[in-house]
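>>> Kindly generate the corresponding structure for this input.
(chains A and B)
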Number of protein chains: 2
Amino acid sequence: MGTRGRRRAGSPDARRAILGAARAAFARDGYNASLRGIARAAGVDPALVHHYFPERSQLFVEAVYDGPDGPAMDPAVLDEVRHLPASRQGIALVRLFVTQWDRMGADRFAAVVRAALANEGVVARIRDLVVGALVTPLVERVAPDRVRLRSQLIAGHLVGLGMTRWIARLDAVSAAEPDELAAAVGPVIQHYLTGDLGEPSGRSASPLGAPE
Amino acid sequence: MGTRGRRRAGSPDARRAILGAARAAFARDGYNASLRGIARAAGVDPALVHHYFPERSQLFVEAVYDGPDGPAMDPAVLDEVRHLPASRQGIALVRLFVTQWDRMGADRFAAVVRAALANEGVVARIRDLVVGALVTPLVERVAPDRVRLRSQLIAGHLVGLGMTRWIARLDAVSAAEPDELAAAVGPVIQHYLTGDLGEPSGRSASPLGAPE
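Reported below is the predicted structural model:
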């Protein structure tokens, strides 16, 4: 990237340069990376960073969560899951989640989760993206009832799986092939998608897989 | 707490005073709270903090995870789960986890998870406590096979559920009664405890609850 002149608003590369610099800075310095340093690395005026990204959380989400080659979980990627019969979506969703983030990298997953924990604004944006844009539309096509609870249980389970594999790095989950995890975890996601969630009153559902 | 004289090593209250001060400081300032400030608040010499807790992560875990009135998840508390028939342990474990941390408070759960994400030493200690001391002993009594994978999937799922309820505060999961969550999530934990996890090769298990 040239440093001879600053990029200006409207320069086709300015926004992209800011995102690239932000991605590197967030990876190196965490969520509170210097916005001034990002502007300098991108060769733009600091005001331009603020122009494109009025809030730090927007810049973070677009740079880190959406990532270098498109969103980590582009809604379009879910098409392959959406077009499956409902009964096979659980396993397909787990395989997709694991292979996508394996490719994106443990560091990026950790950065997103850390930022979400450190900052309420990031929590809200990640929540909207993951639950609102990705999981809920999938669930509401096939769920027999209680779409919100199902969506949130699925999102929570996938985040927990990711923390186990990419952050706490527990050995058996970290070493498992995506197909192995899909086989073990997929039926659980399937249960949350279309299974009997039991009664709110506490009347319990039968253990999965065990006929009553 | 008096401030007229410093407590000395061997004083029966010194250790307890340090833990109390640390708990308040970690809650207020996060994982990197000042150890000097903790010593001052406890009325002890800073060297005494180091004497009892050579590493910051030990002090953190004992003050925040183990908590003001005993450990968040004392292994003894799990006795009520352990003595149930295997087929009912999943629901009981979820109910116990949710009621315990509801009582402990969302802030404490968030503090533990944040510290674990910020610091490798805390990750390791929490991992040892949660998986090693709590989950694995339960699983190995009833699991037909693959104890480590089962233990880690259970721990990951409970952490993910906690993040959904106490950190991201997704509405349906946050509003659910412990019994409702136990009914919805218990069968999943049951599956991880004693169900068919499928083949590592990718031959998939049947969807839970759906007869083949």
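>>> which of the residues in the one helix or strand A:Val173 maps to are buried?
With elements taken from DSSP states H and E, the one containing A:Val173 is helix A:171-175. Across helix A:171-175, burial judged by 16 or more other CB atoms under 10 Å in any protein chain shown covers A:Ala172, A:Val173. All C-beta atoms are positioned from the backbone trio N, CA, C, and that covers glycine.
>>> what comes into contact with that helix?
Contacts of helix A:171-175 from elsewhere in the structure, counted by CB atoms under 8 Å, 6 or more residues apart in numbering or on different chains, are A:Leu161, A:Thr164, A:Arg165, A:Trp166, A:Leu181, B:Arg146, B:Arg148, B:Leu149, B:Ser151, B:Gln152, B:Leu153, B:Gly156.
>>> now do 10 Å
Helix A:171-175 is contacted by residues A:98, A:106, A:161-166, A:168-169, A:180-181, A:184-185, B:131, B:146-153, B:155-156 when judged by CB atoms under 10 Å, 6 or more residues apart in numbering or on different chains.
>>> tell me the domain boundaries of chain A?
Here the domain parsing of chain A from automatic domain parsing is A:14-54, A:75-194.
>>> Of these, which stretch is the most buried?
Of all the domains of chain A, domain A:75-194 has the most neighbours on average by mean count of other CB atoms under 10 Å in any protein chain shown, namely a mean of 20.
>>> what about A:Leu149, distance to chain B?
Noted for A:Leu149: a distance of 4 Å to chain B, by CB to the nearest CB, to the nearest Å.
>>> relative orientation of the helix or strand harbouring that residue and helix B:147-162 in degrees?
Under the assignment given by DSSP H and E, the secondary-structure element containing A:Leu149 is helix A:147-162. Here helix A:147-162 points in a direction 130 degrees away from that of helix B:147-162 (axes from the mean of the first three to the mean of the last three CA atoms, to 10 degrees).
>>> which other helices and strands contact helix A:147-162?
Using 3 or more CB pairs under 10 Å, 6 or more residues apart in numbering or on different chains; DSSP states H and E as the contact criterion, the elements in contact with helix A:147-162 are helix A:89-104, helix A:106-118, helix A:120-127, helix A:136-142, helix A:178-194, helix B:147-162, helix B:171-175, helix B:178-194.
>>> Residues contacting the fourth one, please?
Counting by CB under 10 Å, 6+ apart, helix A:136-142 makes contact with A:75, A:78, A:81-82, A:84-87, A:89, A:93, A:130-131, A:143, A:146-155, A:190, A:192-194, all of which sit outside it.
>>> The same query, at a cut-off of 8 Å, please.
Applying CB under 8 Å, 6+ apart, the set of residues contacting helix A:136-142 from outside is A:75, A:78, A:81-82, A:86, A:89, A:93, A:147-148, A:150-151, A:154, A:193-194.
>>> Isn't A:Leu193 up against A:Arg88?
No - the pair A:Leu193 and A:Arg88 fails to qualify as a contact (CB atoms under 8 Å) at a distance of 10.3 Å.
>>> follow-up on the earlier one: only C-alpha atoms, please: export the helix holding A:Leu149 in CSV.
What follows is the C-alpha trace of helix A:147-162 in CSV, where atoms were taken according to Å, rounded to 0.1, in the frame of the first residue of the first chain:
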residue,chain,number,x,y,z
VAL,A,147,-38.9,-20.6,17.2
ARG,A,148,-37.0,-18.2,19.4
LEU,A,149,-36.1,-20.7,22.1
ARG,A,150,-35.0,-23.2,19.4
SER,A,151,-32.9,-20.6,17.6
GLN,A,152,-31.2,-19.4,20.8
LEU,A,153,-30.4,-22.9,22.0
ILE,A,154,-28.8,-23.7,18.6
ALA,A,155,-26.8,-20.5,18.6
GLY,A,156,-25.7,-21.1,22.2
HIS,A,157,-24.7,-24.7,21.5
LEU,A,158,-22.6,-23.8,18.4
VAL,A,159,-20.8,-21.0,20.3
GLY,A,160,-20.1,-23.4,23.2
LEU,A,161,-18.8,-26.0,20.8
GLY,A,162,-16.6,-23.3,19.2
